[in-house]
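Q: got a sequence here, can you model it:
(2 chains)
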Amino acid sequence: DAGVIQSPRHEVTEMGQEVTLRCKPISGHNSLFWYRQTMMRGLELLIYFNNNVPIDDSGMPEDRFSAKMPNASFSTLKIQPSEPRDSAVYFCASSLRTGGQETQYFGPGTRLLVL
Amino acid sequence: GNSVTQMEGPVTLSEEAFLTINCTYTATGYPSLFWYVQYPGEGLQLLLKATKADDKGSNKGFEATYRKETTSFHLEKGSVQVSDSAVYFCALTGSARQLTFGSGTQLTVLP
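A: Next up is the predicted model:
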């Protein structure tokens, strides 16, 4: 069974450009999470969806960041305009919440560098 | 709020040595506890988990026991291999669904 798929794996862009990160969760999972990993802050949650609906976006750093989940098999995280401080590894994770229990499975990540 | 404190790294061991990475947590209620591993240039892989007190999670020779009385979930392996070199993250989920991670512990195993 395919795991969480993320694209692109690497992205290099210039400050001010729009960046779109993509995620395909594991089939049958009903929750999707976006995390960011940096040396300074470690792993932090940006936003998560349950049944395609955004539930908690309190971790989204600012209005330059937006996330969508138009259907159960696809989500995007967009940064517009991008800034050098957005350079990080962005992970998508998915889970199936049943009986109050869940395990999140992570994709390989997108390594973003903003010059 | 929830928090996870991990043993500071880096940890360097010789092959076949015994490994312990300490992890303690603060959480309300009854969190689920996890260890994830991140190999160089890769994403996080679930290593093991425990969902209630006294549960022992195990996988690939690694073990961790959910100790509610000491709020700990220490990772152990009896004999490490070079291929175990990676960063290990302790994490929990509580009433909030997001994972709260520790800072990670870099493990290097020398042949």
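Q: report pLDDT for the residue nearest to A:His10 when sequence neighbours are not counted.
A: Residue nearest to A:His10 in three dimensions, not counting chain neighbours: A:Arg111, with 4.9 Å by CB to CB, 6 or more residues apart in numbering or on different chains. C-beta coordinates here come from the backbone N, C-alpha and C atoms, glycine included. Here, the pLDDT recorded for A:Arg111 equals 96.
Q: in what helix or strand does the spatially most central residue of chain A lie?
A: Nearest to the mean C-alpha position of chain A, counting by CA atoms, centre = their mean, stands A:Trp34 at 3.0 Å. Using DSSP states H and E, A:Trp34 falls within strand A:31-38.
Q: ok, back up a step: the residue nearest to A:His10: how many residues sit nearby?
A: When neighbours are counted by other CB atoms under 10 Å in any protein chain shown, A:Arg111 registers 16.
Q: that one against A:Ser7, yeah?
A: No - the pair A:Arg111 / A:Ser7 is not scored as a contact, 11.9 Å apart, by CB atoms under 8 Å.
Q: which stretches of chain A have low pLDDT?
A: Along chain A, segments meeting pLDDT under 70 span A:1.
Q: which residues of chain B lie near chain A?
A: Contacts of chain B with chain A, taken as CB under 8 Å from any CB of the partner chain, map to B:32, B:34, B:36, B:42-46, B:49, B:51, B:89, B:93, B:96-99, B:101, B:103-104.
Q: list the contacts of residue 9.
A: Answering for chain A, as no chain was given. Going by CB atoms under 8 Å, 6 or more residues apart in numbering or on different chains, A:Arg9 touches A:Pro108, A:Gly109, A:Thr110, A:Arg111.
Q: oops, wrong one, chain B.
A: So B:Gly9 contacts B:Val87, B:Gly104, B:Thr105, B:Gln106, B:Leu107 (CB under 8 Å, 6+ apart).
Q: next one: B:Thr70
A: By CB under 8 Å, 6+ apart, B:Thr70 lies in contact with B:Thr24.
Q: that one and B:Phe34, how far apart?
A: Per CB to CB, to the nearest Å, B:Thr70 is found 18 Å from B:Phe34.
Q: next one: A:Arg9
A: With distances taken as CB to CB, A:Arg9 is found 24 Å from B:Phe34.
Q: anything in stretch A:75-86 near chain B?
A: No - counting by CB under 8 Å from any CB, chain B is not contacted by stretch A:75-86; separation bottoms out at 15.1 Å.
Q: now that stretch: buried residues?
A: Residues A:Ser75, A:Leu77, A:Ile79, A:Ser82, A:Asp86 are the ones in stretch A:75-86 that count as buried (16 or more other CB atoms under 10 Å in any protein chain shown).
Q: ok, stretch B:54-62 next?
A: B:Gly57, B:Phe62.
Q: list of residues touching it?
A: Under CB under 8 Å, 6+ apart, the answer for stretch B:54-62 is B:33, B:35, B:47-50, B:63-68, B:75-79.
Q: just the buried residues of these.
A: Buried subset of those (neighbour count, 16+ other CB under 10 Å): B:33, B:35, B:47-50, B:63-67, B:75, B:77.
Q: could you point out the helix or strand that follows the helix or strand of chain B with the lowest mean pLDDT?
A: One helix or strand of chain B scores below all others by mean pLDDT, DSSP states H and E: strand B:100-101, with a mean of 92. Counting by DSSP H and E, the element after strand B:100-101 in chain order, helix or strand, is strand B:105-110.
Q: so what does that next one touch, helix or strand wise?
A: If contacts are counted by 3 or more CB pairs under 8 Å, 6 or more residues apart in numbering or on different chains; DSSP states H and E, strand B:105-110 sits against strand B:11-14, strand B:19-21, strand B:86-93.
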